[in-house]
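Participant: following is a predicted model, sequence given first.
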Amino acid sequence: MIATSSTIRVTTIFALTAGLHLLLPAAAHADTRAASATPSSVTVSGNRALHDPAEFLAANSRILGRTFASSCNFMSGYNPYDDDIFIDYITGFGGITSELRTIRDIAPFGDAARGVTLTSSFDMAGNYIQGSMDPAVKCASADRRFAAGRHRIARNDKTFTLVLNAYESANYPEAQTQFKANYRKLANPQSALMLSRMYLQGQGVPADTSQAIAWLHKVVDQRFSVDGRMRFDPAHPELMSVRAEAAMTLAKIYMVGHGVPRDLRKARDYYEMASDAGYIPATAMLGTAWLSGFAGDKDVDKGIKYLKEAGEAGYPAALYQLGKVYYNGDGVAQDWTLAGAYFTAGAQAGHPGAQLAAARMYDFGESVASDPKRALTYYKEAAVKGVPAAQNALATYFYKGEVVDQNLITARQLFNTAAMQAQPDAMYNLAVMSRNGEGGARDLSMAYVWFSLAKQARYPDAELALADVTPQLSQAELARADAILKPAGGTSTR
């Protein structure tokens with residue numbers, strides 16, 4: 001037998017709460033109902049592939065991206081909704097038209113084949129007619145002709161594909177030359193972004209942060225409006241538009257001071273720009289920044305607003321952050337039920353931290369009835385994603401034979417995996433199993449090692465357990481343990 005202090009245990013870091021569903025505001029449900037109420041008389045046919053929001057041009061689209069006209073207030077890049085099917089839907093629904101927001105290179109002032117003209121805003125000569133409800137920035141006939149011609153060039157241009165091939169084959173001098181030529185020709189923001197990347201990483205040119213920033217500004221300084229926001233995909237949160245990526249890159253440059261003085265306020269401003277572009281992870285970062293006082297300013301209400309916006313857009317990290325806010329009562333009234341609702345929502349969306357939090361909530365029955373089976377499910381999901389505390393907790397289920405059949409070999413393997421990531425409970429538990437010979441060979445040297453590391457991590461029972469096991473080691477075993485704990489040329493941790 002071993003001392004009472006040397007028994008397997010699970011230590012809680014924090015306890016969590018219940019709430020099975022994250023309730024969205026009533027307005028969100030109303031929007032969903034409205035979106036689903038499509039008139040039965042409208043049908044859509046044909047194969048229309050959705051394109052990535054960051055794509056420069058839709059090859060089969062006849063609609064002009066709004067960056068091509070100089071004074072038309074066409075401020076966004078290509079939007080896959082602005083295709084012929086969408087225009088047909090809009091123009092055929094009660095006579096409402098959005099032609100003022102698109103330009104076709106084959107008919108910049110209207111489409112005779114469709115019987116669609118812009119006579120409400122242009123006279124027969126193509127001159128603009130001012131309307132009382134029209135926006136301040138107008139689109140002159142010269143702008144439309146210029147934009148249509150430029151779109152025809154862009155639609156037929158193959159240089160961007162060729163230059164990407166050069167870049168991917170590491171022919172950086174040729175890629176840089178062609179990216180610059182493509183930008184001069186079409187003001188393609190993707191080319192500017194690629195050039196910034198080359199200067200940041202020193203690909204074919206000396207690394208130059210100032211040049212990278214200059215090219216990034218050619219992207220973010222383009223005119224933009226909220227209807228050009230990218231569509232965030234929760235299943236692929238890494239995908240972002242060119243504008244969002246440029247803003248995020250600038251934010252990171254100033255946040256860490258990469259080649260420039262560190263400037264947290266500038267970093268926050270660029271996160272704001274990325275958020276405005278529709279990149280929801282940036283919105284969540286803003287929420288965390290305002291909650292924590294990043295850049296010297298703290299505003300809990302603003303932080304929660306941003307996090308809720310990101311959470312309702314399907315970003316699980318924001319749900320997890322909201323759960324922590326309400327669990328800890330960080331600037332808000334502590335609400336464990338609401339915290340549990342956010343943790344559960346984040347867990348269901350696959351966030352590993354939220355899965356661990358929800359697992360503990362059900363494990364210890366905080367604000368809900370204890371549910372070991374459900375806790376085990378969330379522990380497993382988080383453990384597979386590499387969360388050390390979840391791996392340790394899962395190991396205890398196999399060690400004790402709770403919910404699952406007892407399997408000491410699996411328990412020891414899981415404790416070892418978590419211990420190798422410096423998880424204090426796992427280090428202590430692995431030491432106990434190594435000392436007792438459970439789930440594998442008895443190894444007093446490794447028991448000594450893991451008890452020593454747990455003591456360094458200030459695990460409460462480690463010092464007593466270490467004192468208990470030390471007299472049992474032979475000189476050879478103690479020397480082996482010391483060699484593991486003392487790196488070559490270093491000092492002993494004993």
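Facilitator: Cool, got the structure. Here the structure is a predicted model, which means the values were calculated and not measured.

Participant: list the buried residues of stretch 376-391.
Facilitator: Judged by neighbour count using 16 or more other CB atoms under 10 Å, the buried positions of stretch 376-391 are 376-383, 387-391. C-beta here means a position set from N, CA and C on the backbone, and glycine is covered the same way.

Participant: and which of the residues you listed is nearest Asn328?
Facilitator: Distances from the buried residues of stretch 376-391 to Asn328 were compared by CB to CB; the smallest belongs to Ala389, at 17.1 Å.

Participant: before we move on, back to that, what's the most distant pair in the buried residues of stretch 376-391?
Facilitator: Thr377 and Pro388, at 18.4 Å, using CB to CB across these.

Participant: only alpha carbons, please: show the helix or strand hosting Asn182 as CSV.
Facilitator: Using DSSP states H and E, Asn182 sits in helix 172-186. What follows is helix 172-186, C-alpha atoms only, in CSV (Å, rounded to 0.1, in the frame of the first residue of the first chain):
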residue,chain,number,x,y,z
TYR,A,172,10.0,35.0,-56.5
PRO,A,173,11.7,37.6,-58.7
GLU,A,174,9.3,36.9,-61.6
ALA,A,175,6.4,36.7,-59.2
GLN,A,176,7.2,40.1,-57.7
THR,A,177,7.6,41.7,-61.2
GLN,A,178,4.3,40.3,-62.4
PHE,A,179,2.4,41.1,-59.1
LYS,A,180,3.4,44.7,-59.5
ALA,A,181,2.4,44.7,-63.2
ASN,A,182,-0.9,43.2,-62.3
TYR,A,183,-1.5,45.8,-59.7
ARG,A,184,-0.6,48.6,-62.1
LYS,A,185,-2.9,47.2,-64.7
LEU,A,186,-6.0,46.3,-62.5
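
Participant: who's in contact with Leu394?
Facilitator: Taking CB atoms under 8 Å, 6 or more residues apart in numbering as the criterion, Leu394 is in contact with 376, 379-380, 383, 414.

Participant: now, those that are in helices?
Facilitator: Cross-referencing the contacts of Leu394 against helices under DSSP state H gives 376, 379-380, 383, 414.

Participant: adding distance to Lys252 and pLDDT, write these out as CSV.
Facilitator: Conversion of the ones in helices among the contacts of Leu394 to CSV gives the following (distance: CB to CB, whole Å; pLDDT from 0 to 100):
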residue, distance to Lys252, pLDDT
Leu376, 38, 96
Tyr379, 33, 96
Lys380, 34, 97
Ala383, 30, 97
Leu414, 35, 97
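
Participant: and these, which is closest to Ala295?
Facilitator: Top of the list for closeness to Ala295, among these and by CB to CB, is Ala383 at 35.8 Å.

Participant: how much space is there between that closest one and Gln421?
Facilitator: Using CB to CB, to the nearest Å, one gets 11 Å for the distance from Ala383 to Gln421.

Participant: any idea of the mean pLDDT for stretch 164-179?
Facilitator: pLDDT averaged over stretch 164-179 equals 89, rounded to a whole number.

Participant: on that earlier part again, C-terminal to the helix holding Asn182, what's the next element?
Facilitator: Using DSSP H and E, the helix or strand that follows helix 172-186 in sequence is helix 189-201.

Participant: in that next one, what's buried?
Facilitator: Neighbour-count burial for helix 189-201, counted by 16+ other CB under 10 Å, picks out 189-200.

Participant: packing partners for it?
Facilitator: On a contact count with 3 or more CB pairs under 8 Å, 6 or more residues apart in numbering; DSSP states H and E, helix 189-201 meets helix 159-168, helix 172-186, helix 209-220, helix 242-256.

Participant: report the inter-axis angle for the second one versus helix 189-201.
Facilitator: The one in question is helix 172-186. Using axes from the mean of the first three to the mean of the last three CA atoms, to 10 degrees, one finds that helix 172-186 and helix 189-201 are set 150 degrees apart in direction.

Participant: ok, Asp405 to Asn429 distance?
Facilitator: Using CB to CB, Asp405 is found at 19 Å from Asn429.

Participant: which one's more surrounded, these two?
Facilitator: Looking at Asp405 and Asn429 with other CB atoms under 10 Å, you find the greater number of neighbours at Asn429, namely 31 against 9.

Participant: pull out the buried residues from the helix holding Asn182.
Facilitator: Here helix 172-186 shows 172, 175-176, 178-179, 182-183, 186 as buried, counting by 16+ other CB under 10 Å.

Participant: now tabulate those residues in JSON lines and tack on distance to Ala282.
Facilitator: Below are those laid out as JSON lines (distance: CB to CB, whole Å):
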{"residue": "Tyr172", "distance to Ala282": "29"}
{"residue": "Ala175", "distance to Ala282": "28"}
{"residue": "Gln176", "distance to Ala282": "28"}
{"residue": "Gln178", "distance to Ala282": "30"}
{"residue": "Phe179", "distance to Ala282": "25"}
{"residue": "Asn182", "distance to Ala282": "27"}
{"residue": "Tyr183", "distance to Ala282": "25"}
{"residue": "Leu186", "distance to Ala282": "27"}
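
Participant: OK, contacts around Gly278?
Facilitator: 53, 229-232, 241, 244.

Participant: for it, grab phi and psi.
Facilitator: Backbone geometry at Gly278, expressed as degrees, to the nearest 10, gives phi 100, psi 10.

Participant: now the one 5 residues further on
Facilitator: In this entry, Thr283 is assigned phi and psi values of phi -60, psi -40 (degrees, to the nearest 10).

Participant: gap between it and Asp276?
Facilitator: Using CB to CB, one obtains 9 Å as the distance from Thr283 to Asp276.

Participant: give me the more crowded residue out of the two.
Facilitator: When neighbours are counted by other CB under 10 Å, Thr283 and Asp276 differ, and Thr283 comes out ahead with 25 against 18.

Participant: which residues touch the more buried one?
Facilitator: Applying CB under 8 Å, 6+ apart, one finds that Thr283 lies in contact with 275, 306, 309-310, 313, 315, 318.

Participant: which members of the residues you listed are positioned in strands?
Facilitator: Taking DSSP state E, every one of these sits outside strands.

Participant: buried subset of those residues?
Facilitator: Under a neighbour-count criterion of 16+ other CB under 10 Å, the subset of these counted as buried comprises 275, 306, 309-310, 315, 318.

Participant: and the strands in this structure?
Facilitator: Chain-ordered strands for the chain, with DSSP E as the definition, fall at 110-111, 116-117.

Participant: among those, which gets the worst mean confidence?
Facilitator: When these are compared by mean pLDDT, strand 116-117 comes last with a mean of 45.

Participant: Leu239 against Asp233, yeah?
Facilitator: Yes: under the contact definition of CB atoms under 8 Å, Leu239 touches Asp233, with a separation of 6.0 Å.

Participant: now render the ones in helices among the contacts of Leu394 as JSON lines, adding distance to Ser370.
Facilitator: Rendered in JSON lines, the data for the ones in helices among the contacts of Leu394 read as follows (distance: CB to CB, whole Å):
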{"residue": "Leu376", "distance to Ser370": "12"}
{"residue": "Tyr379", "distance to Ser370": "14"}
{"residue": "Lys380", "distance to Ser370": "17"}
{"residue": "Ala383", "distance to Ser370": "20"}
{"residue": "Leu414", "distance to Ser370": "22"}
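
Participant: what's the closest of those to Arg265?
Facilitator: Ala383 (39.5 Å).
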